[in-house]
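A.B. asks: Just the structure for this:
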Amino acid sequence: MTTNAVKTAIVTGASSPFGAAYALRLAERGYVPVLVGRAEGRLEDVAASIARQTGVTAEVLVADLTSSQDVERLEGWLRTDESVEFLVNAAGAAVFAPSPGFDTAATEQMIALNVIAATRLTTAALAGLTARGRGTVVNVSSAMAFWHQPVSSVYSATKSYVLTFSQALQQELAGSGVTVQVVVPGAMRTEFWDGSGIDISVFSDEYLMSPEVAVDAALAGLDAGEVVTIPSLADIGSWEDYEKARGVLAPILSRDVPAERYRR
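C.D. replies: Residues are numbered from 1 along each chain as shown. Take a look at the predicted model:
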C-alpha cells in the first residue's frame, strides 16, 4: 500500500483505454495512480507506459470488483490510507439483449460492477476524504442513462443509478471540501463493446469519441467546477433545461389525494 505518497489516485478499470487515460492524466497532475483491474499483465503495461511518459511509478492492484472479497480489500485501503485524494470509478460492464434473452450470471455481474462496487468504493473513499476535508470522487455514468433502448434495460438502469447516486451525494457533501463529479460519456472507441451484444461497427465515426479525448473533456469539466460533465454535449443549456424540468416535477409527485384523472 502507498503510505508516503503526497497524493494517491485510485483508478478502477485501469486496464481499459478509458481507465488508463485517467491514470496517465492524474499522474501528470502529480498523483501516484493505483491501477485496479483483473488483467495483471495489462495493468503492468499501463504502469510501464505511465512511468515512461511521466516518471511516476504507478502501483498495481489486481482485483475482481464483482467479487465482494476483492471489493472489501479495496474498501479497507480507501478507508485507511490517508494519502488517497482521488477515486475514479471507471470500471464498468455492459450486456445488451432483450430481457427474455438475459444471461442471468452476466447480468448479475454487470449489476455487481456498475452499481454495487461503485457504491461501496465511493462510500469507503468518502469516509476518509470527508474526515480530511478534501478530495475528489469521479463516477462514470453513460449516455445510456438517458437513452433507454429495448436491449439496454439493465445497463441503462445501472447507469441511471450512478447518475442519481452521484447527484444526491453532491448535495450531501456541499461545503465539505469533497467533490463528487459524475461523467456521462457517449460511445467510445474501446473494447468495451466486445461481447456486449452490440458490434461497434453499428456506430459511424461521428458518434465515437476516443477515450483519451473523453478523459480530457471530463477533467476540463472538473477544473471548471462541473459536477455533471457530458463530454459530447455542445449546449450545456440542454442539460440545464433537463434539470429544471426535473426540479419542477419532483415536488409535485407526492400528495394526499390522487390526480383528478384517477378519481372518476
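
A.B. asks: so what pLDDT did residue 26 get?
C.D. replies: Residue 26 carries a pLDDT value of 98.

A.B. asks: What count of nearby residues applies to it?
C.D. replies: 28 (other C-beta atoms under 10 Å). In this view, the C-beta of every residue, glycine as well, is placed from N, C-alpha and C.

A.B. asks: again, but for residue 39
C.D. replies: Neighbours of residue 39 using other C-beta under 10 Å come to 13.

A.B. asks: Residue 75 sits in which helix or strand?
C.D. replies: According to DSSP states H and E, residue 75 maps onto helix 68-80.

A.B. asks: Let me know the average pLDDT across that helix.
C.D. replies: Rounded mean pLDDT across helix 68-80 is 96.

A.B. asks: what is the orientation angle of the helix or strand that it is followed by with helix 68-80?
C.D. replies: With elements assigned by DSSP H and E, the helix or strand that comes after helix 68-80 is strand 84-89. Angle between the axes of strand 84-89 and helix 68-80 is 150 degrees (criterion: axes from the mean of the first three to the mean of the last three C-alpha atoms, to 10 degrees).

A.B. asks: just to revisit the earlier point, give me the contact list for the helix holding residue 75.
C.D. replies: The contact list for helix 68-80, computed with C-beta atoms under 8 Å, 6 or more residues apart in numbering, reads 1, 10, 34, 36, 61, 63-65, 84, 87, 116-117, 120-121, 124-125, 127-128.

A.B. asks: same deal with stretch 157-165?
C.D. replies: Contacts of stretch 157-165 (C-beta under 8 Å, 6+ apart): 89, 110-111, 114-115, 118-119, 122, 139-142, 144-145, 182, 184, 228.
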